[in-house]
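Chemist: I would like the atomic coordinates for the input below:
(chains A and B)
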Amino acid sequence: AQKVTQAQTEISVVEKEDVTLDCVYETRDTTYYLFWYKQPPSGELVFLIRRNSFDEQNEISGRYSWNFQKSTSSFNFTITASQVVDSAVYFCALTPASNYQLIWGAGTKLIIKP
Amino acid sequence: ETGVTQTPRHLVMGMTNKKSLKCEQHLGHNAMYWYKQSAKKPLELMFVYSLEERVENNSVPSRFSPECPNSSHLFLHLHTLQPEDSALYLCASSQDIRGGTYTQYFGPGTRLTVL
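Modeler: Numbers count the residues shown, from 1 in each chain, chains lettered A, B, ... in the order given. Take a look at the predicted model:
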């Protein structure tokens, strides 16, 4: 079975706090790809990162960082020094190499208060 | 224009109307997708086209009719819709569909309301 779980439905923090969004996945494929997308109130899904299953190196891009751990089947996303503009719904997604279809998590709504 | 564009951004229609949603990608991609996003539901993949051929039709009602005249354009023709069809319709494109190796890039969506 293929599944993505984002257990945090909604997170609310004050600006400048660090925040981590959790993503746990299930797949029987040995080769797969993990994604994070951001959906601001405007509606567009903005691609943030893609990671393949053979690359467990953590990634940092500005205030964003991702922690991929195959041992726990997790691909968590951390925003450092959060800003109001980070407020959005964040989706984690999985696609096995055998299929192009994205399996989506339910999303985490992140609210950054000024 | 860059990326993936969608028109109109908002659409209100009656159940007896016929309308079309348009998507255009400026990324040189070969695959295009239609998704439906309803409140409190996961994204639903509706249709997939690769090199203008439909490769996926996920049991979508016939009142939704896709059209892909070329690899840059994708349409969703709507007729006799129901109020439960009200949702955000998102278009996406990717370089190819092979093996999930290609990232899907999304347009801004069309917010559809069926009265």
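Chemist: Smallest gap between chain A and chain B, at which residue?
Modeler: Scanning chain A for the residue nearest chain B gives A:T95, at 3.5 Å (criterion: C-beta to the nearest C-beta). Any C-beta I mention is one placed from the backbone N, CA and C, and that applies to glycine too.
Chemist: What residues does chain B have near chain A?
Modeler: Chain B has residues B:31, B:42-43, B:45, B:48, B:56, B:88, B:90, B:92, B:94, B:97-109, B:111 near chain A, with proximity defined as C-beta under 8 Å from any C-beta of the partner chain.
Chemist: From these, list the buried ones, please.
Modeler: Among the residues of chain B next to chain A, those that count as buried by neighbour count (16 or more other C-beta atoms under 10 Å in any protein chain shown) are B:31, B:42-43, B:45, B:48, B:56, B:88, B:90, B:92, B:94, B:97, B:100-109, B:111.
Chemist: So the lowest-mean-pLDDT helix or strand in chain A, near chain B or not?
Modeler: Lowest on mean pLDDT, DSSP states H and E among the helices and strands of chain A sits strand A:59-61, with a mean of 90. No: against chain B, strand A:59-61 shows no contacts by C-beta under 8 Å from any C-beta, the least distance being 14.4 Å.
Chemist: Buried residues, that strand. List them.
Modeler: Applying 16+ other C-beta under 10 Å to strand A:59-61 flags no residue as buried.
Chemist: what's the answer for stretch B:17-28, then?
Modeler: By 16+ other C-beta under 10 Å, the buried positions in stretch B:17-28 come out as B:19, B:21-25.
Chemist: Just the CA coordinates for that stretch, please, in PDB.
Modeler: Output of stretch B:17-28 as PDB, limited to C-alpha atoms (Å, rounded to 0.1, in the frame of the first residue of the first chain):
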ATOM      1  CA  ASN B  17     -24.500  25.700 -18.600                       C
ATOM      2  CA  LYS B  18     -21.600  24.600 -20.800                       C
ATOM      3  CA  LYS B  19     -18.300  26.100 -20.000                       C
ATOM      4  CA  SER B  20     -14.600  25.300 -20.600                       C
ATOM      5  CA  LEU B  21     -11.500  25.600 -18.400                       C
ATOM      6  CA  LYS B  22      -8.200  26.300 -20.200                       C
ATOM      7  CA  CYS B  23      -4.700  25.500 -19.200                       C
ATOM      8  CA  GLU B  24      -1.500  26.400 -21.000                       C
ATOM      9  CA  GLN B  25       2.000  25.400 -20.000                       C
ATOM     10  CA  HIS B  26       5.100  27.400 -21.200                       C
ATOM     11  CA  LEU B  27       7.600  24.900 -19.900                       C
ATOM     12  CA  GLY B  28       8.100  22.700 -22.900                       C
END
